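Chemist: Prediction below, plus the sequence it came from.
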Amino acid sequence: MTSSEFDVIESYFAHLSDWAGEHVRVGVGDDCALLDVGPGFELVVSTDTFVEGVHFPNGAAGAIVAERSLAASASDLAAMGAEPFAVVGALILKGIDSEWLGSFSERLGELLRLNALPLVGGNLTQGPHLSLTWTVMGRVKAGQALTRSGAKVGQDVYVSGWLGRAAAGLELILRTHSEGEERSSAWTDAASVAKAAYYAPKARLALGQKLIGVATSAIDISDGLLSDLSHLLSMGGVGAEIDVSGLLIDKVLETLHFSDKKILQLALAGGDDYELCFSVDHARRAMVEAIALELQLPLTRIGRISESKSLHFRGLPEGVLESDLLKAKGYEHFA
């Protein structure tokens, strides 16, 4: 039976970089990983920590923890347009649960290979709460990384995917059984899609790399569009006019019987989307459309960058005030 940290590492994690390319000179098992980033490239690095009961539900299966945490971390690489390179992790366990570790390791291995992120090191210890920290690394050609500060007045603002589905999924997950009156098959199918958006987000790595040379700024949407777009605007010293009508066209949320006001709340402040928001010159709209077609991914133009240094909304449904939307807050870690 697995009993020590070294047994756990050997049984569940040591093999997760066996397929890595030649850029991983030394991986799991040594004091440090040794990586060759290559000439003419810059290293992109980001760290995220995930705590049970905060970032994923108490008692969540290992596969779910692996899915949510790695996607959220890799999403930062996507926002910079980085090519995935490597990842190190720190895992704090309450105890050794072979079933949980098997579920976690199996799904993690699949996701690492899918996202081209070999696990090259980390740390394992015991503590009072389950938590996990990923440090993801990518690379970009020198001077080409997408940043939050590159938005320019007059540019179009785009978002990828469907905002608000993950937040809707979390609401459904947290509902009590007493609220579960009989539903149609269409409602049940839509609920499954929304829950999957929460449990299994997808980092838009391919999109980020395609946006190099097309977009001039980008940010991943983790805390809600309103919060994250505000960061992008602040870094660029600009404002934006957003047409919210593009955020309301989602048959999944409509089928779940959410009102327009609720859909906007989920899209603007729900969080957990891990989609990309980016700005592009008007003349490059055809390039964005071509990327959307190639990736089979919705890329919705939702507004334009303005010089006002503030955020304004157009296309509001009846009964929804701009002042109400501006009061919406995304996820706050210390609320």
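Modeler: Nice, thanks for sending it over. What you see is a predicted model; the values in this text were computed from it and never measured.
Chemist: mind listing what's buried in stretch 218-236?
Modeler: Judged by neighbour count using 16 or more other CB atoms under 10 Å, the buried positions of stretch 218-236 are 218-230, 232-233, 236. C-betas here are computed from N, CA, C, even on glycine.
Chemist: likewise stretch 27-40?
Modeler: 27-28, 33, 35.
Chemist: Over to stretch 19-27?
Modeler: 20, 23-24, 27.
Chemist: How about stretch 201-208?
Modeler: 201-205, 207-208.
Chemist: for the chain, what spans make up the helices?
Modeler: Per DSSP state H, the chain carries helices over the ranges 5-12, 62-80, 98-114, 165-174, 185-199, 205-210, 225-236, 251-255, 260-269, 285-295, 322-327.
Chemist: how distant is the fourth one from the center of its chain?
Modeler: Read that as helix 165-174. Averaging C-alpha positions (CA atoms, centre = their mean, to the nearest Å) puts helix 165-174 15 Å from its chain's average.
Chemist: what's the pLDDT at the residue positioned nearest the centre of the chain?
Modeler: With distances taken as CA atoms, centre = their mean, Y274 lies nearest the centre of the chain, 2.5 Å away. Per-residue confidence (pLDDT) for Y274: 96.
Chemist: Could you list the low-pLDDT ranges of the stretch 51-200 of the chain?
Modeler: 176-182 (pLDDT under 70).
Chemist: what about A86, neighbour count?
Modeler: 27 (other CB atoms under 10 Å).
Chemist: Would you mind giving the domain segments of this protein?
Modeler: Per automatic domain parsing, the structural domains of the chain span 5-141, 148-327.
Chemist: Quote the end-to-end distance of the last one.
Modeler: End-to-end distance of domain 148-327: 23 Å, with CA to CA, to the nearest Å as the criterion.
Chemist: mind checking the backbone torsions on the residue nearest to the centre of the chain?
Modeler: phi 60, psi 40 (degrees, to the nearest 10).
Chemist: That one touches R204, doesn't it?
Modeler: Yes: between Y274 and R204 there is a contact under CB atoms under 8 Å: 7.4 Å.
Chemist: Need the residues that contact stretch 187-194.
Modeler: Defining contact as CB atoms under 8 Å, 6 or more residues apart in numbering, one finds that stretch 187-194 is touched by 165-166, 168-169, 172, 183, 251-253, 255-257.
Chemist: which of those residues count as buried?
Modeler: 165-166, 168-169, 172, 252-253, 255-256.
Chemist: Go through those residues and name the one nearest G127.
Modeler: Distances from G127 to these, taken as CB to CB, are shortest for A166 (27.7 Å).
Chemist: Who are the contact partners of that closest one?
Modeler: 194, 197-198, 201, 270-274.
Chemist: rerun at 10 Å
Modeler: 68, 194-201, 221, 266, 270-275 (CB atoms under 10 Å, 6 or more residues apart in numbering).
Chemist: Buried ones among those residues?
Modeler: 68, 194-195, 197-201, 221, 266, 270-275.
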